[in-house]
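Here's a sequence, model it:
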Amino acid sequence: MKKLLGEYIGTLCLTFIGCSTVAIAVLYSSFSSIVPIALIWGAGVTLAIYISKGYSSAHLNPAVSFGFYVLKRISLKELLSYFVVQFLGGLTAGVFVFLTFRADIILFDLPGGELSVATASIFGEFFPNPGYKDLEGQVSVLEACLFEAVGTFLLMLSILIVTTLKSTQKFAPILIGLCVAGLIIIIAPFTQCGMNPARDFGPRIAAYFLQWGAVAFPKPSFSFFTVYILSPVLGAGLSALIFKALKK
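Residues are numbered from 1 along each chain as shown. I've put the predicted structure just below:
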């Protein structure tokens, strides 16, 4: 229970900070580039790891948990338990973000009368990023899957390296946060850089039931699953396999 509580609180913290940052960017146009958004996201990841690492292994991400399962560092029972509490952490964070920004979300979408993809992207990711109008229609499902898989592959590899080397273990939360920030700068214009099924699916489900309905999901149908759930899991799993092979 202590481990599960750590995963729940850490995922909630990470997702709330990250989604709130996106909300500020969408609703108030507060950032002139992706860089400050990425840095705040990275800081949120670092803070969430520090908060939860005293209770759990601070995976805070089903894809990362799957990578550690591939390495046989956690059991199947632990993996499934982590999946559940990580999703619940993301779901709770989505509700908190909605309650925090609800009035401004309604004002933002008031001219059209319907809640838009722009505000839905505060919760779950879309491809391409709705904030990059010049990329509209330029990112296919396959390309989005590759971006998410490669990004999560690199994230998982960085986690394994910095938590294994004695020289970097002490600074692992900071280094992982910086890795996330760097990947967001590169990938976010194309897919919003999810790399975390719980961070995506939890808030997306919250948005679906709160007000957005089908608008909360990208098109084509089930692309949310292939791009933002399956691809990160496969990317992390492949990263773990390669790391294991290199360690032999």
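
for the record, mean pLDDT for stretch 144-161?
Averaged over stretch 144-161, pLDDT sits at 98.

Which residues does the lowest-mean-pLDDT helix or strand in the chain contact?
When the helices and strands of the chain are scored by mean pLDDT, DSSP states H and E, helix 166-169 comes last with a mean of 92. Applying CB atoms under 8 Å, 6 or more residues apart in numbering, the set of residues contacting helix 166-169 from outside is 161-163, 175. Every C-beta, even on glycine, is put in place using the N, C-alpha and C of the backbone.

Return the set of buried residues in the longest helix anywhere in the chain.
Counting by DSSP state H, the longest helix found in the chain is helix 76-109. Buried residues in helix 76-109, counted by 16 or more other CB atoms under 10 Å: 78-79, 81-83, 85-98, 101, 105, 108-109.

in what helix or strand does Leu14 lie?
Assessed by DSSP states H and E, Leu14 sits inside helix 2-28.

quick revisit: from the contacts of helix 166-169, which land in helices?
Among the contacts of helix 166-169, the residues falling in helices (DSSP H) are 161-163, 175.

Closest one of these to Leu39?
Nearest to Leu39 out of the ones in helices among the contacts of helix 166-169 is Leu175 (CB to CB; 14.1 Å).

Run through the residues that contact the closest one.
With CB under 8 Å, 6+ apart, Leu175 has these contacts: 158, 162, 168.

change it to 6 Å
Residues near Leu175 by CB atoms under 6 Å, 6 or more residues apart in numbering: Val162.

Could you measure from it over to Val150?
19 Å (CB to CB, to the nearest Å).

do the same with Ile205
Going from Ile205 to Val150 by CB to CB gives 26 Å.

do the same with Tyr82
Taking CB to CB, one finds Tyr82 at 23 Å from Val150.

where does this protein have low pLDDT?
For the chain, applying pLDDT under 70 flags the ranges 111-114.

Give me the neighbour count for the spatially closest residue to Asn196 that is not a sequence neighbour.
Excluding the flanking residues, the one nearest Asn196 by CB to CB, 6 or more residues apart in numbering is Asn61, at 4.4 Å. Residues lying near Asn61 (other CB atoms under 10 Å) number 30.

Asn61 contacts Met195, doesn't it?
No - if you go by CB atoms under 6 Å, Asn61 and Met195 don't touch, sitting 7.4 Å apart.

Check which residues of the helix holding Leu14 are buried.
Applying 16+ other CB under 10 Å to helix 2-28 flags 3-4, 6-27 as buried.

Also stretch 209-229?
For stretch 209-229, a neighbour-count test (16+ other CB under 10 Å) marks 210-212, 216-218, 223-224, 226-229 as buried.

can you give me the offset of that stretch from its chain's centre?
Centroid separation for stretch 209-229 versus its chain: 15 Å, with CA atoms, centre = their mean, to the nearest Å.

can you offset everything so residue one is 6?
Shifting the count to begin at 6 puts that one at stretch 214-234.

rewinding a little: of the ones in helices among the contacts of helix 171-174, closest to Ser126?
Taking CB to CB as the measure, Ser126 lies nearest Leu180 of these, at 28.0 Å.

Next one: that closest one from Ser172, what distance?
11 Å.

end-to-end on stretch 59-76?
Stretch 59-76 has an end-to-end distance of 22 Å (CA to CA, to the nearest Å).

what's that stretch in contact with?
Residues from elsewhere that reach stretch 59-76 (CB under 6 Å, 6+ apart): 7-8, 10-12, 15-16, 19, 53-54, 57, 79, 84, 87-88, 91, 157, 161, 201-203, 237-238, 241-242, 245, 249.

Could I get the contacting residues of Leu10?
For Leu10, the contact set (CB under 6 Å, 6+ apart) comprises Tyr60.
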